[in-house]
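# have a look at this prediction, sequence included:
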Amino acid sequence: MGNPANEPPTSRPADPDTSEAPPLPPRPPGPPPPPYVQNAGDDANHAQNQRSTSSPSSPTGPGNGNHQITRKAVPNARPPLPHLEINTSQPEDFDGELATNNELPSRETLRKIEDYVVLDRHGKTHTFKSLHTGSNVARRVLIIFVRHFFCGNCQEYLRYLSEIITPESLLRLPVSTFIAVVGCGDPALIDMYVEATNCPFPVYTDPTRSLFQAFGMINTLALGSKPAYMRKSMTRSIVESVVQGLKQIPSGNVLKSGDQRQVGGEFLFEPRDIVTPVSTPREEKTKRVGAFEEPNDAAPTNSGKGPVEKHHGDEEKRVTWCHRMKTTRDHAEIHELMEVLGLDPSHVPITLQQQHPETLTSSVRKGQGQSMAEEIRKLSAEMSRTSLS
């Protein structure tokens, strides 16, 4: 073994000259970028995929640190949305008008609800039929269904109606005619309601709202356009309603005014024939009818020997005209009520005619049906001629 220092040095391969290295061939085009990438250079995974596919000499595997990540492309078009059925007959609260109709209630409906119960101011029960049919009930009865007892719109309506259509004006008609009001709140609030509206007609309540539903009056909070009978501003009506509610806090009736989404309407009950043996209620009073007078719905007695057949001799009534509210302030206008009742607009006080002429001259008609108004007017004209001769 010789001395390594005396051995000739081994020659090492010379380093390749990289100054004039030939250019690299162009890379083959890679896969297109996925649809969620606008610029392929902005997506690191896409660039990695290009390097992996363009360099076959670069194996992939868990040990070489060169991992290929595959991302599932997002489809270009979204799946179609399912078809939605939209019920436009029940609009959202405060939106549009309620899709209802003014079809007259059938005889079957009236028979079904004749024994439904309403309450008076004392909480005493009365059958609904006793409001429009009975021995001491007028032959023609207009029943007005109102909203909850704090509703300023309905209060303004009754306040104005009570000024135009008075009990005295109804007594001048040749056929006995009267009005009754039905709400949906607690009977303990009826006194407050009568005082707020100055209503001279009897007020009842149907807290279960069974009559409202049977007559097809539905629920809504839609405000609708301003009617002619609204003389107060909406702000003032709301403030007054809030004050009325606050006053009921001590009595515990603040939350008992009724369903605020329930709307009402007007229904006119008349006999099938205006010329019948039953001409007028017995013991009819000519004095002004108070708001708290109640109908006599007790069965007549037979010479003190006990009750006889219920409602013996009562004539059958039907609804000849009706109107259902579409919004929270959509009662039939006062002039339309005067027409269907057969009242003469000339009997309206001059001061009211001058203050609100649009109320008595408007051509808007909301209800549907044919009342006995024309026959009432003919009878009134005959009575006038007879009294002059």
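Ah, there it is. Numbering: from 1, shown residues only.

# any weak-confidence spans in the stretch 51-200 of the chain?
By pLDDT under 70, the low-scoring segments of the stretch 51-200 of the chain are 51-99.

# can you give me the strands in it?
117-119, 125-127, 140-145, 177-183 (DSSP state E, counting those that start in this stretch).

# can you lay out these as a markdown table showing distance to Val340 and mean neighbour count?
(C-beta placed from N, C-alpha, C; glycine too.) Compiled in a markdown table, those are given as follows (distance: least, C-beta to C-beta, whole Å; neighbours: other C-beta atoms under 10 Å):
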| stretch | distance to Val340 | mean neighbour count |
| --- | --- | --- |
| strand 117-119 | 23 | 20 |
| strand 125-127 | 25 | 17 |
| strand 140-145 | 8 | 25 |
| strand 177-183 | 10 | 24 |
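
# who wins for proximity to Glu375 among those strands?
Closest to Glu375 of the strands of the stretch 51-200 of the chain is strand 140-145 (C-beta to C-beta; 10.8 Å).

# and that closest one, what does it pack onto?
Contacting strand 140-145 under the criterion 3 or more C-beta pairs under 8 Å, 6 or more residues apart in numbering; DSSP states H and E are the following elements: helix 129-132, strand 177-183, strand 265-271, helix 334-341.

# direction included, what does the third one pair up with?
Right, strand 265-271. strand 140-145 (antiparallel), strand 317-324 (antiparallel) (DSSP bridges).

# buried ones in the longest one?
Residues of strand 317-324 classed as buried: Lys317, Val319, Thr320, Trp321, Cys322, His323, Arg324 (neighbour count, 16 or more other C-beta atoms under 10 Å).

# verify the stated contact: the first one with Thr133.
Yes - contact between Lys317 and Thr133 holds when scored by C-beta atoms under 8 Å: they sit 5.1 Å apart.

# tell me, what's touching these two both at once?
Taking C-beta atoms under 8 Å, 6 or more residues apart in numbering as the contact criterion, the common neighbours of Lys317 and Thr133 are Phe269.

# nearest to Gln155, out of the helices and strands packed on strand 140-145?
Short answer: strand 177-183, nearest of the helices and strands packed on strand 140-145 by C-beta to C-beta, at 10.6 Å.

# need the helices for the protein, in chain order.
Ranges of helices in the chain, per DSSP state H, are 44-54, 107-113, 129-132, 152-164, 167-171, 190-197, 210-214, 234-247, 334-341, 350-355, 357-361, 373-388.

# format the ones you listed as TSV; extra columns: distance to Ser257 and mean neighbour count.
Listed next are those as TSV, based on distance: least, C-beta to C-beta, whole Å; neighbours: other C-beta under 10 Å:
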stretch	distance to Ser257	mean neighbour count
helix 44-54	65	15
helix 107-113	23	14
helix 129-132	21	22
helix 152-164	11	22
helix 167-171	26	17
helix 190-197	9	20
helix 210-214	15	18
helix 234-247	7	14
helix 334-341	24	22
helix 350-355	29	11
helix 357-361	27	14
helix 373-388	34	13
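
# need the strands of the stretch 51-200 of the chain in JSON lines with distance to Thr351, can you?
Below are the strands of the stretch 51-200 of the chain laid out as JSON lines (distance: least, C-beta to C-beta, whole Å):
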{"stretch": "strand 117-119", "distance to Thr351": "35"}
{"stretch": "strand 125-127", "distance to Thr351": "36"}
{"stretch": "strand 140-145", "distance to Thr351": "24"}
{"stretch": "strand 177-183", "distance to Thr351": "22"}
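
# before we move on, back to that, among the buried residues of strand 317-324, which pair sits farthest apart?
Lys317 and Arg324 (19.0 Å).

# for the helices of the chain, give me JSON lines that also has distance to Arg261.
Compiled in JSON lines, the helices of the chain are given as follows (distance: least, C-beta to C-beta, whole Å):
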{"stretch": "helix 44-54", "distance to Arg261": "56"}
{"stretch": "helix 107-113", "distance to Arg261": "21"}
{"stretch": "helix 129-132", "distance to Arg261": "24"}
{"stretch": "helix 152-164", "distance to Arg261": "13"}
{"stretch": "helix 167-171", "distance to Arg261": "32"}
{"stretch": "helix 190-197", "distance to Arg261": "19"}
{"stretch": "helix 210-214", "distance to Arg261": "11"}
{"stretch": "helix 234-247", "distance to Arg261": "15"}
{"stretch": "helix 334-341", "distance to Arg261": "25"}
{"stretch": "helix 350-355", "distance to Arg261": "32"}
{"stretch": "helix 357-361", "distance to Arg261": "27"}
{"stretch": "helix 373-388", "distance to Arg261": "33"}
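
# which one of those lies nearest to Arg121?
Short answer: helix 190-197, nearest of the helices of the chain by C-beta to C-beta, at 4.1 Å.

# angle of that closest one against helix 234-247?
Comparing the axes of helix 190-197 and helix 234-247 via axes from the mean of the first three to the mean of the last three C-alpha atoms, to 10 degrees yields an angle of 150 degrees.

# which other helices and strands does helix 190-197 contact?
The elements that helix 190-197 packs onto, with contact taken as 3+ C-beta pairs under 8 Å, 6+ apart, are helix 152-164, strand 203-205, helix 234-247.

# make it 7 Å
On a contact count with 3 or more C-beta pairs under 7 Å, 6 or more residues apart in numbering; DSSP states H and E, helix 190-197 meets helix 152-164, strand 203-205.
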